[in-house]
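Chemist: show me how the following folds:
(one chain, ligands or ions: 3)
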Amino acid sequence: MHFINTPQGNPTPITPVTKSALKSFIASKDHKVQSWLKSIDFSAKAGQLAMIPGDDGKLSRILFGIAPHEYIWGMAELPKTLPAGTYFLDDIAGLLQGKNLDLATIGWGLGNYIFDQYKTHNCQHIELVFPPGVNKLAIENILDAIYLVRDLINTPAKDLGPEELAGNAADLAKNFNGDCSTIVGEELLSQGFPAIYAVGASSHRDPLLIDLTWGDIDAPKLTLIGKGVCFDTGGLNLKTAHNMKLMKKDMGGAAHALGLSMAIMKSNLPVRLRTLIPAVDNAVGPRSLKPLDVIKARNGITIEIGHTDAEGRVILADALALASEEDPDLICDFATLTGAARIALGTDIPALFTNSEEWAKLLLDEGEAASDRLWRLPLWHGYNELLMSPNADITNEPKSPYGGAITASLFLERFIKKQIPWCHVDLMGWNSTQRPGRPEGGEAMGLRTFFNAFENYFTPK
Ligand code: BES
Ligand code: MN
Ligand code: ZN
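Modeler: Numbering: from 1, shown residues only. Ligands and ions are numbered 1, 2, ... in the order given. Sure, this is the predicted structure:
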């Protein structure tokens, strides 16, 4: 993420300025700087840069326009636009204090992300001296988690199958003294995970369930679950080329669960963490599920496979049932579950479904404060009838495509115990366009919000 503690040589100051702070800034400078800014027509419009030369003709300061309260994305613009070098934040206008400084620093880190593992030349990074007063460990921690999420999603499906995903979980457990076990292939059947097996048997890469635990057994129990479909072809109900193209990102939920787990362990949150990831390929092969096959999930509910492309909810069914068995204090699942959630909210805003008013409020408030919003959609029980199947307890293909994100959540709800607080996040996990701090490709969405909410809720006051 390219922060440094102590610079060697002379770092260049970068100074944020809003339109309203510009006047007093100009007044404090000498005539030369004043006329330079005037001649380049610098108005401190968001994103506008002014390179200010010193008396020696070298670059002496960079001024950049920033919109008030857009500190994170305003700052995120710099790493890819500034000339190579080392910089420090010189906040002459006093815009970046407390939370704003944290957000601006996170913005720099997000903007400095590069996925160049598959490039034959390495890209150039530029460095920022950690601003004094910023909570260095907390910021590094959250950026590490987001980088992990992005890297995992960006890695081609060829190089990140169920086994590799499990390898990542095992590495995390090892680094933080947790335990990680996996149930692989036909073992899933003997251990009671028929739904995960049924989807994943389609691939030459074995399906598996990752079960990572960490922390004090007596601490409040927090269980994270992530959809780990390493590639989603749609199965026999094959996707079109256009719809299949991005499906290496279908393990985005798993990436979020792992990224959050890393942040939780690294910051030593007082929870007993459990992270469950059903990891499969949804492939086409002799063992693929067929339309109208019926499978029995871990908790005994029978599922008719109306559509082999609605595989995420099927594998999550077993994981949610397992999670419920020990009555944790909170279950949160993350999944790139439906196209319908994207139709409803677009690609940037994850949909939140929860049976807990308390968690809804916590998460929506944190989302606002962190500029990392989720939007709540209803777990509307009136649509439960759309899940009815003539042959089994439920179908994975709701009778109507309308409200598809809601009916998917209602499907998941059948596999948790009603009294356990539960949050389900249906997310895109991908930036379709290139924006400052939000590069095209894998993206963490709602991760900072969830981490902050966990920290606030579980840290003793
Ligand atoms: N992984 C997809 C959902 C998805 C697609 C998320 C595009 C984000 C972007 C999921 O497995 C899927 O295919 N869902 C189907 C369900 C339908 C067949 C009931 C969908 O949303 O079309
Ligand atoms: Mn699918
Ligand atoms: Zn999928």
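
Chemist: quick check: buried residues in stretch 150-164?
Modeler: Neighbour-count burial for stretch 150-164, counted by 16 or more other CB atoms under 10 Å, picks out 150-155, 157, 160-162, 164. Where you see a C-beta, it was placed from the backbone N, CA and C, and this is true even at glycine.

Chemist: what about G437, distance to G109?
Modeler: Separation of G437 from G109 (CB to CB, to the nearest Å) stands at 9 Å.

Chemist: rewinding a little: of all the buried residues of stretch 150-164, which two lie farthest apart?
Modeler: Pairwise distances across the buried residues of stretch 150-164 (CB to CB) peak at 19.9 Å, for the pair R150 and P162.

Chemist: find the residue closest to the residue of the stretch 251-400 of the chain found nearest ligand 2 in space, skipping its chain neighbours.
Modeler: Residue nearest to ligand 2 within the stretch 251-400 of the chain: D309 (3.8 Å; CB to the ion). Spatial nearest neighbour of D309, chain neighbours left out: G234 (4.0 Å); criterion: CB to CB, 6 or more residues apart in numbering.

Chemist: now L165. Nearest residue, chain neighbours left out?
Modeler: L165 sits nearest to A279 (CB to CB, 6+ apart), 4.7 Å away.

Chemist: so for the helix or strand that neighbour falls within, mean pLDDT?
Modeler: In this assignment (DSSP states H and E), A279 forms part of strand 272-282. In this model, strand 272-282 carries a mean pLDDT of 99.

Chemist: for stretch 330-346, same thing?
Modeler: Here the average pLDDT along stretch 330-346 is 98.

Chemist: does ligand 1 sit close to it?
Modeler: Yes. Shown here: stretch 330-346 in contact with ligand 1 (CB under 6 Å from any ligand atom) through 336-340, 342.

Chemist: and for stretch 412-422?
Modeler: No. Judged by CB under 6 Å from any ligand atom, stretch 412-422 stays clear of ligand 1, getting no closer than 12.9 Å.

Chemist: straight-line length of that stretch, end to end?
Modeler: 10 Å (CA to CA, to the nearest Å).

Chemist: again, but for stretch 44-54
Modeler: Using CA to CA, first and last residues of stretch 44-54 are 20 Å apart.

Chemist: go through that stretch and flag the buried ones.
Modeler: Buried residues in stretch 44-54 (16+ other CB under 10 Å): 44, 47-48, 50, 52.

Chemist: neighbouring contacts of that stretch?
Modeler: Applying CB atoms under 8 Å, 6 or more residues apart in numbering, the external contacts of stretch 44-54 come out as 17-19, 21-22, 33, 36-37, 40, 42, 59-67, 70, 74, 77, 81, 436.

Chemist: helices or strands up against the helix ranked longest in the chain?
Modeler: Across the chain, the longest stretch assigned as helix under DSSP state H is helix 136-154. Counting contacts by 3 or more CB pairs under 8 Å, 6 or more residues apart in numbering; DSSP states H and E, helix 136-154 is packed against helix 99-111, helix 252-266, strand 441-442, helix 447-458.
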